[in-house]
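Enquirer: A structural model of the following input is requested.
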Amino acid sequence: MISVNIHEAKTHLSSLLARVAAGEEVTIAKSGKPVAKLTSIESSQKKRVGGFARGKIQIPDDFDDEDPKINRMFYS
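Expert: The predicted structure is shown next:
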């Protein structure tokens, strides 16, 4: 982990982001006190898996059909 002050972070943001993308964490400090942490998004989010509910949900054939009761509420 690397720690930098705000001025250094502003001056070298591109290179700090490259280090974060490589897996490092960067702490940004103001007057020597940590105020923010730069981390990779991929390291903090779980990868989504598609199709986990496949076969569990069924959409009826008349799903897109208009409902006369709802139409009356909007067009009366």
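Enquirer: quick one: contacts for Ile28?
Expert: Ser3, Val4, Asn5, Ile6, Ala9, Pro34, Val35, Ala36, Lys37, Leu38 (C-beta atoms under 8 Å, 6 or more residues apart in numbering). Just so you know, the C-beta spots here come from the backbone N, C-alpha and C atoms, and that holds for glycine as well.
Enquirer: swap in Arg72?
Expert: Residues near Arg72 by C-beta under 8 Å, 6+ apart: none.
Enquirer: sketch out the low-pLDDT regions of the chain for me.
Expert: 42-45 (pLDDT under 70).
Enquirer: hmm, back to that, sort out for me which of the contacts of Ile28 are in strands.
Expert: Residues of the contacts of Ile28 located in strands (DSSP state E): Ser3, Val4, Asn5, Pro34, Val35, Ala36, Lys37, Leu38.
Enquirer: tell me who's in contact with the closest residue to the first one other than its chain neighbours.
Expert: If I follow you right, that is Ser3. Of all residues not flanking Ser3 in the chain, Thr27 sits nearest, at 4.4 Å (C-beta to C-beta, 6 or more residues apart in numbering). Thr27 makes contact with Met1, Ile2, Ser3, Val4, Pro34, Ala36, Lys37, Leu38, according to C-beta under 8 Å, 6+ apart.
Enquirer: ok, the residue nearest to the first one when sequence neighbours are not counted to Phe52 distance?
Expert: This means Met1. Ranked by C-beta to C-beta, 6+ apart and with sequence neighbours excluded, the top spatial neighbour of Met1 is Glu25, at 4.7 Å. Taking C-beta to C-beta, to the nearest Å as the measure, Glu25 falls 31 Å from Phe52.
Enquirer: so these two - more neighbours on which side?
Expert: When Glu25 and Phe52 are compared for neighbours, Glu25 comes out ahead with 14 against 7, by other C-beta atoms under 10 Å.
Enquirer: endpoint to endpoint, stretch 30-50 covers what distance?
Expert: 42 Å (C-alpha to C-alpha, to the nearest Å).
Enquirer: buried stuff in it?
Expert: Within stretch 30-50, the residues that count as buried by 16 or more other C-beta atoms under 10 Å are Leu38.
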